[in-house]
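Enquirer: dropping a prediction and its sequence here:
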Amino acid sequence: MKKDDPQSLSSSKENIVASIMHHHLFMPILGLMVVLLSNLITKPDFFVISMNHGVLYGNLIDVLNRGSELVILAIGMTLVTAASGGQDISVGAVMAVSAAVCCSLLSGGAASTNVLQMPIIVAAIAGIAASGLCGAFNGLLVSKFKIQPMVATLILFTAGRGIAQLFTKGQNVYVRVDTFKIFGNFIPGIPVPTPIMISIVTVIIMAIILKTTTLGLYVQSVGINSNASRLVGLNATRIKFVTYVICGLLAGLAGFISASRIYSADANNIGLYLEMDAILAVALGGNLLSGGKFSFAGSIIGAFTIQGLTTTLYAMNVSADQLPVYKAVVVVIIVVLQSPVVQKQLKRIQMKRKSVKVLEKGGVSA
Amino acid sequence: MKKFLTFLLLAALTLSLVACGQSAPNDSNSNAAAGGGSEKGLIVVGFSQVGAESDWRTANSQSMKDTFTEANGYKLIFDDAQGKQDNQITAIRNFIQQEVDYIVVAPIGETGWDTVLQEAKDAGIPVIIVDRMINVAKDDLFYCWVGSDFRKEGDIAVEWMNKELAGKDAVKIVHLQGTIGSSAQIGRTEGLEAGAKANSNWEIVAQQTGEFTQAKGQEVMESILKQTTEIDVVYCENDNMAFGAIDAIEAAGMKAGVGGDIVVISFDATNAGLTMTLDQKINYNVECNPLHGPRVAKLIEQIEAGETPEKLAYVEEEAFDAKTITKEIVDARSY
């Protein structure tokens, strides 16, 4: 994954092109562009954003809006992947736990309410804290007991929705209060959908944490070689644990947004299959699923690629039940293009061209 | 200290998981024990329910529990399968061992019933299927079936549309389907498609599944509205998708329901759905009656009297128009 290799060729133009091509975000961005631009064929006004009754309106806004939860999940998943070389497959179920705790607190245990039984902020924090606890449970199993991440998180993957059902007593809990709806929709007077703002704030906070603390460096180091990190004095166990807690907390936040969108806790469906999309986002972003170096930007681009694909397929009138097939085809193409084998081949072809050029040039000057 | 905390956290989580896991089986065990014990002239009915995944299901279970009481001459053994067919098959085997008089099953899936139903047949216990239909090699593996006629529900909605939209030149319909392949989706879709065929001025401009959930219904409707806003009717195959569709319509700055830009048709008529109908947001809501208890009891009475009931029995379904619905109807709806 080395970029900006010192180029022997003198032409600066080629240099720029090459350095762009070799940038670790080049392939993810290309994937996203291809997905979004393909809309222009069937729908020329895909990129048009207008103001409709005081709020932003358009397909692109839909992608950003609907992709918010995925972005938030993908950030947590990136950290977990980088530190432990495995994925947290329980995030979808953990979203449901957060939504269930939050909504059942707001409704005071009733199946439907028109009056808040407690301040939203308290219920939201309780829901996110519950998810953090789930993350701590996962983290404990992975870091302390050295259980494989996939196996450890399988427990909450299966049990999570059951736990959520316990809170909601097996029903959809509705909170029909306008102030609760704003977190998944719009704040009156502000044209940008709230989920977009929440996801941006989350990304900024995480970026600041990585910039100002040593967390990012430690996570990478532990991910690349856990034992070596331990020998140089890093507490690998604690670092892994922390990433799972963060992942849980972020899943909780995503669950809260999902619940607010439909002003209810639908424990069976909130976050369903989203864990797979989150893992995919990490992979599409060019991150190694075996851990080590990571890029938030890549994962975020990956998340929008997946959501862009969904929105595109809806716009092309593809039936939702056939959606996974088309998604799979596109994902296979993008992932194969990013695979080390293909990358190596591409590089080899490039090198050959270069050497041919060098030879030609050499021939002329001699 | 840290180790101790770690241990404490793990212990607490393990305990809570164990506690969750155990409560349910204990419940059914105590039920089963009670069922096997007292049979003083009571008709023993074993009922295997899917689970408690929706308000509809809860009302369905409640209807059974209310009907098969000792006061009515029955002993009900209720088993909650928690959404797993394996549990249902185990439950049916338990019922056979306990020598119940009737087995009632609300099946989770369509297939995989042949072996266990053959066992019930060999034991001479009549099996009554409720709600969803099953797919077995031989029809005589179950005695009869009670449930909703989803095609008829679709037809009821189409009939109302015929009346309401008569005289319009062109009717553009958006069709939000349920989970593809479910019997409710198949029947309700057939109803609408037959209606669209019979009326040359009807056009289904978009047909997309919302998988019976509010979130998907909202997302799909949002996307459809980006393509065209010339929509007269949105036909949602359940209440949850209708809620999502209405949110999407309102987010696009249009008005749904009575006197609005888009007519909303919905199914199931749950309490939440009827509340929206009363609020004039849903124009017409066709019921999917979960009160199967009395109907099953009637079939059992017939069998007890030596009669052969009809193989397929449908429950009565009503429909509610936003113009005529009253608060009393909504309040009376328990699910």
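Expert: Alright, I've got the coordinates.
Enquirer: spatially nearest residue to the spatially most central residue of chain B, not counting backbone neighbours?
Expert: Nearest residue to the geometric centre of chain B (CA atoms, centre = their mean): residue B:56, 5.6 Å. Nearest residue to residue B:56, sequence neighbours excluded (CB to CB, 6 or more residues apart in numbering or on different chains): residue B:290, at 5.0 Å. Where you see a C-beta, it was placed from the backbone N, CA and C, and this is true even at glycine.
Enquirer: with residue A:78 instead?
Expert: residue A:299 (4.4 Å).
Enquirer: packing partners of the helix or strand harbouring that neighbour?
Expert: Element membership of residue A:299, judged by DSSP states H and E, is helix A:296-315. Judged by 3 or more CB pairs under 8 Å, 6 or more residues apart in numbering or on different chains; DSSP states H and E, helix A:296-315 is in contact with helix A:26-37, helix A:39-42, helix A:59-66, helix A:68-84, helix A:194-212, helix A:274-284, helix A:323-338, helix B:214-227.
Enquirer: from the ones you listed, which stretch is densest packed?
Expert: Mean neighbour count (mean count of other CB atoms under 10 Å in any protein chain shown) peaks for helix A:68-84 among those, with a mean of 30.
Enquirer: where in the chain is pLDDT low?
Expert: The chain I'm using is chain A. The model of chain A has pLDDT under 70 over residues A:1-11, A:320-321, A:362-366.
Enquirer: that's the other chain; I wanted chain B
Expert: B:1-40, B:53-54.
Enquirer: do you have the strands of it handy? List them.
Expert: B:43-49, B:74-80, B:102-105, B:127-130, B:144-147, B:171-177, B:202-209, B:233-236, B:263-268, B:284-287, B:312-314, B:319-321 (DSSP state E).
Enquirer: need the residues that contact the fourth one.
Expert: Pointing back at strand B:127-130 there. Residues outside strand B:127-130 that contact it (CB atoms under 8 Å, 6 or more residues apart in numbering or on different chains) are B:60, B:92, B:102-107, B:117, B:120-121, B:141-147, B:292, B:296, B:299-300.
Enquirer: one more time with 6 Å, if that's ok
Expert: B:103-106, B:117, B:120, B:142-146, B:292, B:296 (CB atoms under 6 Å, 6 or more residues apart in numbering or on different chains).
Enquirer: which one (most neighbours) among these?
Expert: Greatest neighbour count in those, by other CB atoms under 10 Å in any protein chain shown, goes to residue B:105: 29 neighbours.
Enquirer: tell me how far the one residue in the stretch 201-350 of chain A that gets nearest to chain B lies from residue A:327.
Expert: Per CB to the nearest CB, residue A:314 is where the stretch 201-350 of chain A lies closest to chain B, at 3.8 Å. Plainly put, residue A:314 is 12 Å away from residue A:327 if you go by CB to CB, to the nearest Å.
Enquirer: run a quick neighbour tally on residue A:54.
Expert: Residues near residue A:54, counting by other CB under 10 Å: 12.
Enquirer: so the nearest residue to it once chain neighbours are set aside, which of the three states?
Expert: The shortest distance from residue A:54 to any residue other than its chain neighbours is 6.2 Å, reached at residue A:191 (CB to CB, 6+ apart). Recorded secondary structure, residue A:191: coil (DSSP: H, G, I helix; E, B strand; the rest coil).
Enquirer: residue A:191 against residue A:55, yeah?
Expert: Yes - Residue A:191 is within contact range of residue A:55, at 4.9 Å (criterion: CB atoms under 6 Å).
Enquirer: need the helices and strands packed on helix A:296-315 in a markdown table (columns: distance to residue B:77).
Expert: Converted to a markdown table, these look like this (distance: least, CB to CB, whole Å):
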| stretch | distance to residue B:77 |
| --- | --- |
| helix A:26-37 | 54 |
| helix A:39-42 | 57 |
| helix A:59-66 | 46 |
| helix A:68-84 | 43 |
| helix A:194-212 | 47 |
| helix A:274-284 | 38 |
| helix A:323-338 | 40 |
| helix B:214-227 | 35 |
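Enquirer: thank you kindly, that will do.
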